[in-house]
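Q: pasted the sequence and its predicted model underneath.
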Amino acid sequence: MAYRAEDDYDYLFKVVLIGDSGVGKSNLLSRFTKNEFSTDSKSTIGVEFATRTIQVEGKVIKAQIWDTAGQERYRAITSAYYRGAVGALLVYDVTRSITFENIDRWLKELRSHTDSATVIMLVGNKADLRHLRAVDIEDAQAFAEKENSFFMETSALEAINVETAFTEILTQIFRVVSKKALEAAGGQHDMSALRGQAVTVNIDDVSALKKTGCCGS
């Protein structure tokens with residue numbers, strides 16, 4: 001499907017990748033935005049981001065995906081990193097239980113720096129390493145349900161569910177934004193006022209969407 005020019009879009013959504021170092025955040029980013037995977041990728045230093053434009057329900061969505069180092073020494077960048085984010089992928093490595101145990105801390109940090117309505121997806125990466133699994137899918141699903149977030153397992157290496165995970169979170173953000181725009185316009189189908197802007201969504205609408213269920217592995 002042909003898309004319009006890179007600078008011609010209906011909505012711009014900032015989504016952040018967070019989680020421990022080495023869980024595969026950078027490869028998830030490169031797989032989604034460039035369909036590339038690097039076996040010798042080095043730890044991210046500071047912050048980097050990439051963009052990709054997709055279509056969601058007839059609208060052109062430009063996703064600005066931010067990736068940051070998971071190491072503690074880069075914590076000072078958090079406020080600027082999270083500012084304006086309307087979605088977050090909370091990433092752990094299914095072969096390293098400590099990265100899943102640390103998810104709770106990352107989630108607390110995310111919520112302390114963002115609007116309460118930020119759409120969150122828990123992502124268990126490296127799902128291709130089935131023989132090394134250390135985190136049960138049931139435990140991750142239970143955590144996601146408890147925290148009212150979406151959940152999916154991915155493999156950046158084998159390109160499993162990467163496209164689906166990003167598309168799903170962008171779709172959920174768009175649906176919430178569309179609903180709020182329609183309400184603000186008194187039910188009129190005119191969302192031009194929000195075109196090309198990073199937006200804030202309402203937590204009640206996000207919760208209503210999450211109750212309908214979403215994604216498995």
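A: Cool, got the structure.

Q: quick one, strands of this protein?
A: 11-18, 47-56, 59-68, 87-93, 119-125, 150-153 (DSSP state E).

Q: mind checking which of those is nearest F174?
A: Closest to F174 of those, according to C-beta to C-beta: strand 47-56, at 4.8 Å. The way it works is simple: take the backbone N, C-alpha and C, and place the C-beta from them, glycine included.

Q: among the strands of the chain, which is the most enclosed?
A: Stretch with highest mean neighbour count among these: strand 119-125 (a mean of 27; mean count of other C-beta atoms under 10 Å).

Q: note down every partner strand of it and its orientation.
A: Strand pairing for strand 119-125, determined by DSSP bridges: strand 87-93 (parallel), strand 150-153 (parallel).

Q: reformat those strands as a markdown table; add distance to F100 and mean pLDDT.
A: Below are these laid out as a markdown table (distance: least, C-beta to C-beta, whole Å; pLDDT from 0 to 100):
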| stretch | distance to F100 | mean pLDDT |
| --- | --- | --- |
| strand 87-93 | 4 | 96 |
| strand 150-153 | 12 | 96 |
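
Q: can I get the ones you listed in CSV including distance to L29?
A: Shown next, in CSV, are the strands paired with strand 119-125 (distance: least, C-beta to C-beta, whole Å):
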stretch, distance to L29
strand 87-93, 9
strand 150-153, 16
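
Q: closest to Q55 out of those?
A: strand 87-93 (17.1 Å).

Q: roughly how far apart are D104 and F143?
A: From D104 over to F143 the distance is 8 Å, taken as C-beta to C-beta, to the nearest Å.

Q: the more surrounded of the two?
A: F143 (19 against 12; other C-beta atoms under 10 Å).

Q: so what's that one up against?
A: Each residue near F143 by C-beta atoms under 8 Å, 6 or more residues apart in numbering is listed here: 103, 122.

Q: what does the model give it for pLDDT?
A: Here the pLDDT value assigned to F143 is 97.

Q: roughly how far does it sit from L107?
A: Taking C-beta to C-beta, one finds F143 at 9 Å from L107.

Q: F166 now?
A: F166 sits 19 Å away from L107, going by C-beta to C-beta.

Q: more crowded one of these two?
A: More neighbours surround F166 than the other of F166 and L107, with 26 against 18 (other C-beta under 10 Å).

Q: which pLDDT value goes with the more buried one?
A: In this prediction F166 is given a pLDDT of 97.

Q: excluding covalently adjacent residues, which one is nearest to it?
A: Distances taken as C-beta to C-beta, 6 or more residues apart in numbering put F32 closest to F166, at 4.8 Å, once the chain neighbours are dropped.

Q: cool, and E36?
A: E36 sits nearest to S30 (C-beta to C-beta, 6+ apart), 4.7 Å away.

Q: OK, contacts around that neighbour?
A: 36-38, 41, 50, 156.

Q: gap between A127 and E158?
A: Using C-beta to C-beta, A127 is found at 8 Å from E158.

Q: which one of those two is surrounded by more residues?
A: Neighbour totals were compared for A127 and E158, and A127 leads with 22 against 13 (other C-beta under 10 Å).

Q: contacts for stretch 88-105?
A: For stretch 88-105, contacts defined as C-beta under 8 Å, 6+ apart pick out 15-20, 22-25, 28, 106-107, 110, 114, 118-127, 129, 132-135, 139-140, 143, 149, 153, 165-166, 169.
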